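Peer 1: have a look at this prediction, sequence included:
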Amino acid sequence: MNPLSTSWDQQAFPVHPAVSFEFFPPSTPDMQSKLWQALTRLAPLAPRFVSVTYGAGGSTRERTHETVVAIERQLGLRPAAHLTCVGAAKTEIETVARRYWQAGIRHLVALRGDPAEGAGRFAPHPHGYSCAADLVAGLKRVADFEISVAAHPETHPDALSPQADLENLKRKQDAGAARGITQFFFDVEVFLRFRDAVVRAGVSMPLVPGILPVTNFQQVQKFSARCGASVPASLVRVFDGLDADAETRKLVAAHVAGEQCRRLQSEGVNEFHFYTLNRAELTRAICHLLGIRAAAAQTISAALPDGNPAGD
Ligand SMILES: Cc1cc2nc3c(=O)[nH]c(=O)nc-3n(C[C@H](O)[C@H](O)[C@H](O)COP(=O)(O)OP(=O)(O)OC[C@H]3O[C@@H](n4cnc5c(N)ncnc54)[C@H](O)[C@@H]3O)c2cc1C
């Protein structure tokens, strides 16, 4: 008998999914080194692109830029730079976008953004963009970027209604967005219902599920409350008692996210965006379960002997 359960039988899913990985820009030398270790481990999985976030309140403009450009130059991956509307005039945002274009970066993730923690609700800059759809249109006027945008399977907390949020996603597509990447979710049914509603709303661009492997369950509960993602009771039960047991938690987390991806695959989804939180191991394990192999591992480690672009 096959020792693997049917759901992990590679032959049932002969076409391996496309993947992309999201990172955040480091703020200390130690975090820099951890980021590059993670990148070095994940780069050989040949992601479609890797993206780098833009800190809440627009706080990481320079660090995001440096990280994106280093990823492109050192690893030869296709990076995507996140860019938000927060705290900047349109002219400043356009200058940032032009710098990316001049540096050879062709993919942006255009977001409204969230204010820095404790800064209250989002309020547009007096000379800025007030929503992601307008930002997409503005960026497209700068250059013909490939643009990804956020999609919210459980409705964005500021939306007037689920329908209004879907219409907003359609506006982002009409402004020139090429794909929607979803906020993380844990219930596969939530994504499937959202996918149907998105199609009914006239959105035809690809919808890529955002997968958050759980490294720290308490932190995930906090993130979820902030962005409106629900945490099913079954997930609470699965992680119950593991707060102080990182080793078991990791194994459980890989299984949970792997099953989530497999169920999505069985519904025809064949592209995933992983919120890595700058850690490689869970994402790498899940990708392995999905049949993705690190074919070019040696090439990458040869290019990066110490796993750090600055060599420190
Ligand atoms: C894949 C992904 C990556 C992310 N990366 C970052 C990041 O790097 N940095 C960061 O700060 N945040 C990031 N976020 C979080 C994101 O900035 C927040 O979710 C933010 O609150 C909303 O962003 P948005 O682009 O969806 O906004 P929008 O599409 O502008 O929507 C925001 C809200 O306004 C409503 N709205 C917009 N236009 C209208 C209109 N004309 N009429 C009525 N209602 C309207 C929408 O329905 C929604 O409720 C990311 C989210 C995702 C899913």
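Peer 2: Thanks, I have the structure now.
Peer 1: can you confirm His82 is in a helix?
Peer 2: No. Applying DSSP: H, G, I helix; E, B strand; the rest coil, one finds His82 to be strand, outside a helix.
Peer 1: for the ligand, see how far away it is.
Peer 2: Counting by Cβ to the nearest ligand atom, to the nearest Å, the separation of His82 from the ligand is 3 Å. Just so you know, the C-beta spots here come from the backbone N, C-alpha and C atoms, and that holds for glycine as well.
Peer 1: run a quick neighbour tally on that residue.
Peer 2: Using other Cβ atoms under 10 Å, His82 has 22 neighbouring residues.
Peer 1: tell me the pLDDT at it?
Peer 2: Per-residue pLDDT puts His82 at 98.
Peer 1: for it, give its distance to Lys90.
Peer 2: Per Cβ to Cβ, to the nearest Å, His82 is found 17 Å from Lys90.
Peer 1: also Phe223?
Peer 2: Phe223 sits 30 Å away from Lys90, going by Cβ to Cβ.
Peer 1: ditto for Arg112
Peer 2: Relative to Lys90, Arg112 is positioned 14 Å away (Cβ to Cβ).
Peer 1: surely Glu146 touches Arg106?
Peer 2: Yes. Assessed by Cβ atoms under 8 Å, Glu146 is found in contact with Arg106 at 5.8 Å.
Peer 1: which of the two has more neighbours?
Peer 2: In this view Glu146 and Arg106 are compared by other Cβ under 10 Å, and Arg106 has more residues nearby, 18 against 15.
Peer 1: residues in contact with that one?
Peer 2: Shown in contact with Arg106 (Cβ atoms under 8 Å, 6 or more residues apart in numbering): Arg78, Phe145, Glu146.
Peer 1: can you redo the residues you listed as TSV with distance to Leu290 and pLDDT?
Peer 2: Below are those laid out as TSV (distance: Cβ to Cβ, whole Å; pLDDT from 0 to 100):
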residue	distance to Leu290	pLDDT
Arg78	20	97
Phe145	29	98
Glu146	24	98
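Peer 1: hmm, the stretch of helix or strand Glu92 belongs to touching the ligand?
Peer 2: With secondary structure defined by DSSP states H and E, Glu92 is part of helix 90-102. No. Taking Cβ under 6 Å from any ligand atom as the criterion, helix 90-102 and the ligand are apart, separated by no less than 12.9 Å.
Peer 1: in CSV, list the C-alpha atoms belonging to that helix.
Peer 2: Provided in CSV are the C-alpha atoms of helix 90-102 (Å, rounded to 0.1, in the frame of the first residue of the first chain):
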residue,chain,number,x,y,z
LYS,A,90,1.3,61.6,-5.7
THR,A,91,4.5,63.3,-7.0
GLU,A,92,6.6,61.5,-4.3
ILE,A,93,5.0,58.1,-5.1
GLU,A,94,5.7,58.7,-8.8
THR,A,95,9.3,59.5,-8.1
VAL,A,96,9.7,56.2,-6.2
ALA,A,97,8.0,54.3,-9.1
ARG,A,98,10.3,56.0,-11.6
ARG,A,99,13.4,54.9,-9.6
TYR,A,100,12.1,51.3,-9.7
TRP,A,101,11.6,51.4,-13.4
GLN,A,102,15.1,52.9,-13.9
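Peer 1: what is the subsequent helix or strand relative to that helix?
Peer 2: Next along the chain after helix 90-102, with elements defined by DSSP H and E, is strand 107-111.
Peer 1: could you give the angle of that following strand to helix 90-102?
Peer 2: Strand 107-111 runs at 160 degrees relative to helix 90-102, counting by axes from the mean of the first three to the mean of the last three Cα atoms, to 10 degrees.
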